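**Student:** Sequence isn't available, so here's the structure alone:
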């Protein structure tokens, strides 16, 4: 197992190096002159040259890349060209807020999605199953920003229970903090339930028909034990893989959601830095998203190995 | 102990209701073993499920009672039924490869009944599971209890299942084909174990099987089922040695027997009646050579001597035996040794790397000790034109790999293959055109080897067109000829595979192999998936084709009696090595290698002296 983890970790590092090259390449080798982009169309050639020297843009590309990538290892992510602040602390703050949002959403998606999937599988072909299907499909079929607007209209405008947008730190009170999280979370969860619940449903139906479930029944086990202990363990295997992919989709989803709800997280930072041509911030943010994605997949693979004894390595009874 | 009374079970299906069981009555006396015998569709597994109260939702029970110790399983509430299951009634399923949960430890699965029925803590149940595994003859019970199913061999899994069924000390054990998926030597061990447990624990057993030889070894009483009805019931030895009902006679006549190599097996023609609308008269009448006009009247179980038979002509048929077909005209067998062999294999070797092995260091050098197996280990073999070489051995012995390596469907590591005088082992795949035409293969499972989206005409026409064997316009005629050759009616050409029975599909599989007019066919377990009566017809067909077309077979089978019946010479494989090869009579009657002797002695037989009860064999290889 240790060797397996080491190998997978090495793989994650490799992926990150590749992504960093890609990100750096795309943003640096743009046809336009970066300094010119930053300074705007009224800049004089002298000003452009001065900025190019300051940013090191006259150095060979590989030197620029190494300097930039080296900065990540030492913790120096460069300086935001827009706000003239170091990117690092700014990014860290945004990540914390976004992880709070996606983390809570993810846990809810996993719990509710798996729960709905089991319920639908156990009653498959009956009204409850159809109801769950329709509801979850509705969630995934309509774009997220639409649900975001519906949530704002219902909970903020009509009922007035929740704020329409913004963010409060937890230091301002737990309820204040939570209130701002509920609406975006609700939207994210609703939009992502279908994948998890549909997959859990179909693999659960398949598992419930397998001979070892009949065998468990023949042992006279209570239905609860059969479903939760015997069936779920096997039915969850494909779901785990999809959950990791969904985490990636969530990281994409927050770009829209944070913009709609004016939630100051990673997604909004990305949009902001694109709009304002803040290249150092954009590069760092994208690399962070890639890293989170890679780590989520690693975690899924490890969980998969944990639940599926067939891929655990180097074990032999004899 | 268990009394089934007038039980009828119907299944709702898309095509209408199927009557799986029609007023079946059975009794299993305490401490005895009752065997239920029948081919697929006879309803024997439905009885097992009904007795456990595990019938699927689409099943209906319009009549009948299943009394266990006086209480009716069908009418008691679900909770009471659950408490009976696994507690007082144990069930062992057919396929040990799919009935163990792949993600739970063996020990947990063996002991969990105790947690729910006897209130054990999981730890105590696990400890008890180790004792039970020990009792069913597993060598390292602690290690096995901590293992997962995929780490064990088939025999060990079946032992674990039996241990699990025994955990709560049930009074009744229902076994549904418990040894069908196992090799004969393992099967013999499991049968010994069951007999031993029955004596030691005073168990009552209901043993379901299609294999009459196995039944003979274990059962006191046998009930033969056909199309949902009991057709004959009585003491095992009586029924098997002097069958009265025509179906029982046919079933016994269809079994190939070691040491009796005659022309053809007796096959039962026809197929099961449509159970959506079963005939009111004798259900076997359409296939019965003794049918009389009276057969169309409803048949009742009648006492004939000590047994019950569902046939109005039973008394008259007592001493009549199943009609044996005319001895087929054996084509003049040319002197095989004189002609050039159709297949020559020298020193053929193939190994597979299972894992690269653990990394370790030799000084500064990283070393891996790769784990590999060699399923084909320096094998030399020749097959003469028109000769049948039987290849027997247990699962994992390398039979299939050898067959496929000869045809270069799997690439050999080393060795020489010569087919029809042409050396093919050193040619690239692209230059094997001629060999692909002369050497063909018939697979075990026609379901997975026939394309489900193509008609039979397309399936058979494809190889003819591919090798340009006849002008395009003549292909339909050639397809008809092929169907005729395997004795399928011409209109089958427009059918799809799923519209045919298992035996018919295998005939198509054989026709497909014959389409290129090969002179050598590898038959890889061609009859293993078929019922006995169908198996006999396919074996006869293969024998006829050999005589008519002079085609040679490498006939691979784990069923030694089928091989003994058909083969001219028999080769025995064990762990990738050919341990013995010789004329069939010699191998069957005077085997010389210890492994061959062991293999032959484990085969359950329907005639000759019943096997002496042997010592319980404990040793069992770990996977």
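**Tutor:** Arrived safely, thanks for sending. Here the structure is a predicted model, which is why all the values come from computation and not from measurement. Numbers count the residues shown, from 1 in each chain, chains lettered A, B, ... in the order given.

**Student:** Doesn't residue B:375 belong to a strand?
**Tutor:** Yes. Assessed with DSSP: H, G, I helix; E, B strand; the rest coil, residue B:375 lies in a strand.

**Student:** got a pLDDT number for it?
**Tutor:** Note on residue B:375: pLDDT of 88.

**Student:** my read: it touches residue B:402, true?
**Tutor:** Yes. Using C-beta atoms under 8 Å, residue B:375 is in contact with residue B:402, at 7.4 Å. Heads up, the C-betas are built off the backbone N, CA and C, glycines and all.

**Student:** Mutual contacts of those two, please.
**Tutor:** Counting by C-beta atoms under 8 Å, 6 or more residues apart in numbering or on different chains, residue B:375 and residue B:402 have no contacts in common.

**Student:** helices or strands up against the worst-scoring helix or strand of chain B on mean pLDDT?
**Tutor:** Counting by mean pLDDT, DSSP states H and E, chain B has its least confident helix or strand at strand B:359-362, which shows a mean of 76. Contacts defined by 3 or more C-beta pairs under 8 Å, 6 or more residues apart in numbering or on different chains; DSSP states H and E place strand B:359-362 against strand B:365-368.

**Student:** the more surrounded of residue B:375 and residue B:402?
**Tutor:** The residue with more neighbours, out of residue B:375 and residue B:402, is residue B:402; 29 against 22, by other C-beta atoms under 10 Å in any protein chain shown.

**Student:** can you tell me how far the more buried one sits from residue B:586?
**Tutor:** Residue B:402 is 21 Å from residue B:586, where distance means C-beta to C-beta, to the nearest Å.

**Student:** Name the nearest residue to residue B:232, ignoring sequence neighbours.
**Tutor:** residue B:245 (4.1 Å; C-beta to C-beta, 6 or more residues apart in numbering or on different chains).

**Student:** er, residue B:215 I mean
**Tutor:** That would be residue B:35: by C-beta to C-beta, 6+ apart, it lies 4.3 Å from residue B:215.

**Student:** what's the distance between that neighbour and residue B:209?
**Tutor:** 6 Å.

**Student:** do residue B:265 as well
**Tutor:** In terms of C-beta to C-beta, residue B:265 sits 20 Å off from residue B:209.

**Student:** what's the answer for residue A:261, then?
**Tutor:** 67 Å.

**Student:** The two: who's more crowded?
**Tutor:** residue A:261 (27 against 24).

**Student:** shouldn't residue B:205 be in contact with residue B:194?
**Tutor:** Yes. Counting by C-beta under 8 Å, residue B:194 is a contact partner of residue B:205 at 6.9 Å.

**Student:** got any residues that touch both of those two?
**Tutor:** Common neighbours of residue B:205 and residue B:194 (C-beta under 8 Å, 6+ apart) are B:175, B:218.

**Student:** Checking my notes, residue B:349 in a helix, right?
**Tutor:** No. If the criterion is three-state DSSP, then residue B:349 is strand and not within a helix.

**Student:** For the residue in the stretch 451-600 of chain B positioned nearest to chain A, which non-adjacent residue is closest in space?
**Tutor:** Closest residue of the stretch 451-600 of chain B to chain A, C-beta to the nearest C-beta: residue B:575 (15.9 Å). Once flanking residues are discounted, residue B:575 sits nearest to residue B:397: 6.4 Å by C-beta to C-beta, 6+ apart.

**Student:** Would you confirm that that neighbour contacts residue B:576?
**Tutor:** Yes. The criterion here is C-beta under 8 Å, and residue B:397 meets it with residue B:576 at 7.0 Å.

**Student:** who touches both of these two?
**Tutor:** By C-beta under 8 Å, 6+ apart, residue B:397 and residue B:576 have these common neighbours: residue B:375.

**Student:** By proximity to chain B, which residue of the stretch 1-150 of chain A wins?
**Tutor:** Closest point on the stretch 1-150 of chain A to chain B, by C-beta to the nearest C-beta, is residue A:3, at 7.4 Å.

**Student:** helices and strands around the host helix or strand of that residue, which ones?
**Tutor:** Residue A:3 belongs to helix A:2-28 when assigned by DSSP states H and E. Helix A:2-28 sits against helix A:61-74, helix A:279-307, with contacts defined as 3+ C-beta pairs under 8 Å, 6+ apart.

**Student:** what about whichever helix or strand comes after the shortest one, average pLDDT?
**Tutor:** As assigned by DSSP H and E, the chain's next helix or strand after helix A:61-74 is helix A:87-122. Confidence for helix A:87-122, expressed as mean pLDDT, is 91.

**Student:** List the buried residues of stretch A:272-281.
**Tutor:** A:272-273, A:277-281 (16 or more other C-beta atoms under 10 Å in any protein chain shown).

**Student:** ok, the residue nearest in space to the middle of chain A to chain B distance?
**Tutor:** Using C-alpha atoms, centre = their mean, the residue of chain A that lies closest to the mean C-alpha position is residue A:251, 3.0 Å off. Separation of residue A:251 from chain B (C-beta to the nearest C-beta, to the nearest Å) stands at 30 Å.

**Student:** Looks to me like that residue is in a helix.
**Tutor:** Yes. Assigned with three-state DSSP, residue A:251 falls within a helix.

**Student:** what's the neighbour count on residue 3?
**Tutor:** Let's take chain A. 11.

**Student:** I was after chain B.
**Tutor:** 16.

**Student:** for residue B:433, same thing?
**Tutor:** Going by other C-beta under 10 Å, the residues that sit close to residue B:433 add up to 11.

**Student:** now it, nearest residue through space, not along the chain?
**Tutor:** In space, residue B:433 is closest to residue B:467, 7.9 Å off (C-beta to C-beta, 6+ apart).

**Student:** Would you mind naming what in the stretch 51-200 of chain B lies close to chain A?
**Tutor:** B:52, B:54, B:82-87, B:90-91, B:93, B:95, B:98-104, B:112-113, B:116-117, B:140, B:143-144, B:146-148, B:150-152, B:161, B:164 (C-beta under 8 Å from any C-beta of the partner chain).

**Student:** Out of those, which sit inside helices?
**Tutor:** Under the assignment DSSP state H, those contribute B:82-84, B:112-113, B:116-117, B:143-144, B:146, B:161, B:164 to helices.

**Student:** Out of those residues, who's the most crowded?
**Tutor:** Busiest of those [other C-beta under 10 Å] is residue B:164, holding 31 neighbours.

**Student:** Could you check what's spatially nearest to that residue, not counting adjacent residues?
**Tutor:** residue B:110 (4.4 Å).

**Student:** re the thing from before, what about the nearest residue to the residue nearest to the centre of chain A once chain neighbours are set aside, distance to chain B?
**Tutor:** Nearest residue to residue A:251 in three dimensions, chain neighbours excluded: residue A:289, at 5.2 Å (C-beta to C-beta, 6+ apart). To chain B, residue A:289 is 33 Å away according to C-beta to the nearest C-beta.

**Student:** residues contacting residue B:241?
**Tutor:** residue B:607.

**Student:** What distance do you get for it to chain A?
**Tutor:** 34 Å.

**Student:** Next: residue B:16.
**Tutor:** For residue B:16, the distance to chain A - C-beta to the nearest C-beta - is 20 Å.

**Student:** contacting residues for that residue?
**Tutor:** If you count contacts by C-beta under 8 Å, 6+ apart, then residue B:16 has B:276-277 around it.

**Student:** Show me where the chain dips below the pLDDT cut-off.
**Tutor:** Since you didn't name a chain, this refers to chain A. A:1, A:29-34, A:36-38, A:41, A:311-318 (pLDDT under 70).

**Student:** To clarify, I was referring to chain B.
**Tutor:** B:259-263, B:325-338, B:608-623.
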